[in-house]
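Student: make a model of this:
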Amino acid sequence: MRMQAADWFERGVGACEVARGLRVSTKSAYAWRRLWRAGGRQALRSRGPGGPDCRLDRARL
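Tutor: Model (predicted):
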């Protein structure tokens, strides 16, 4: 979805229109545009799952 947003930003589409077209919040679209402007498509790539690492050792899992 973020790569689609990058395509739209490259064509000059505004963040509000991207949000409406992709059915995401305007807050997300503006955040993606900010990242895209700072680092291009690479900045929009997934960094994997979020959240903290598991603190249990393997024996307790």
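
Student: please state the backbone phi and psi of the most far-flung residue of the chain relative to its centre?
Tutor: The outermost residue of the chain, judged against the average C-alpha position, is residue 59 (35.3 Å), by Cα atoms, centre = their mean. The phi/psi pair for residue 59 (degrees, to the nearest 10) reads phi -60, psi -30.

Student: what sits against it?
Tutor: Taking Cβ atoms under 8 Å, 6 or more residues apart in numbering, we find residue 59 in contact with no residue. For glycine as for every other residue, the C-beta is placed from the backbone atoms N, C-alpha and C.

Student: the residue nearest to residue 26 when sequence neighbours are not counted and residue 52: what is the separation?
Tutor: Closest residue to residue 26 apart from its sequence neighbours, by Cβ to Cβ, 6 or more residues apart in numbering: residue 19 at 4.5 Å. Per Cβ to Cβ, to the nearest Å, residue 19 is found 29 Å from residue 52.

Student: try residue 8
Tutor: 33 Å.

Student: so for those two, which residue has more residues nearby?
Tutor: Applying other Cβ atoms under 10 Å to residue 8 and residue 52 shows that residue 8 carries more neighbours, namely 20 against 5.

Student: didn't the more buried one look like it was pressed against residue 18?
Tutor: Yes: between residue 8 and residue 18 there is a contact at 4.9 Å, judged by Cβ atoms under 8 Å.

Student: count of neighbours near the residue nearest to residue 26?
Tutor: 19.

Student: contact partners for it?
Tutor: 25-26, 28-29.

Student: closest to residue 14 out of those residues?
Tutor: Nearest to residue 14 out of those is residue 29 (Cβ to Cβ; 8.6 Å).

Student: skip the chain neighbours and tell me the closest residue to that closest one.
Tutor: For residue 29, the spatially nearest residue (Cβ to Cβ, 6+ apart) is residue 19, at 3.8 Å.

Student: what does residue 44 give?
Tutor: Distances taken as Cβ to Cβ, 6+ apart place residue 2 nearest to residue 44, at 4.1 Å, with adjacent residues excluded.
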